[in-house]
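S.K.: prediction below, plus the sequence it came from.
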Amino acid sequence: MSEHVLGPFPTPATYHPMVQGLMNMIKRNKWESKFEKAVSDAYNSGVEEMTNIKTLPDYYNYLHYFLFWVPVENKNGTLAHKMISIMYYVLDQKSVRSLQSPIKPSSYPPPPLT
């Protein structure tokens, strides 16, 4: 991978069970079009990290790669942040945001330990 562009990510012979579980959930709930739009919107935003993640299968390949990735860092100290952020960037797209549980900051700080 270059210093600025993530990927391309190889297509595995079989996906990690977590990625396969996501793939199955998306298919079972007929969310393919929502996730395809999320990846497309993220790609079309022009964010450099999305250069090699153009399609939903590309995103699955990225997720599989990410699960086995041994964290390393580039000279600018941004690679680990980029690898983590791109997963959330796709999941924060409008077409899939409503499929997620809301974040409730009111639960912080947690109650004191007893």
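M.R.: Arrived safely.

S.K.: can we go C-alpha only for contacts and neighbour counts from here?
M.R.: Noted.

S.K.: what's the helix or strand for the spatially most central residue of the chain?
M.R.: Centroid check for the chain by Cα atoms, centre = their mean gives Met87 as the closest residue, at 2.0 Å. In this assignment (DSSP states H and E), Met87 forms part of helix 79-91.

S.K.: and that helix, what's buried?
M.R.: By neighbour count on 16 or more other Cα atoms under 10 Å, the buried set for helix 79-91 is Leu79, Lys82, Met83, Ile86, Tyr89, Val90, Leu91.

S.K.: any figure for the gap between Ser101 and Asp92?
M.R.: 12 Å (Cα to Cα, to the nearest Å).

S.K.: show me the helices in the protein, by range?
M.R.: With helices called from DSSP state H, the chain shows them at 17-28, 32-44, 56-68, 79-91, 94-97.

S.K.: hmm, Asn52 and Asp58 touching each other?
M.R.: Yes. With contact defined as Cα atoms under 8 Å, Asp58 reaches Asn52; the gap is 7.3 Å.

S.K.: tilt between the worst-scoring helix or strand of the chain on mean pLDDT and helix 32-44?
M.R.: Using mean pLDDT, DSSP states H and E, helix 79-91 stands out as the lowest-scoring helix or strand of the chain, at a mean of 91. If you take axes from the mean of the first three to the mean of the last three Cα atoms, to 10 degrees, helix 79-91 sits at 130 degrees to helix 32-44.
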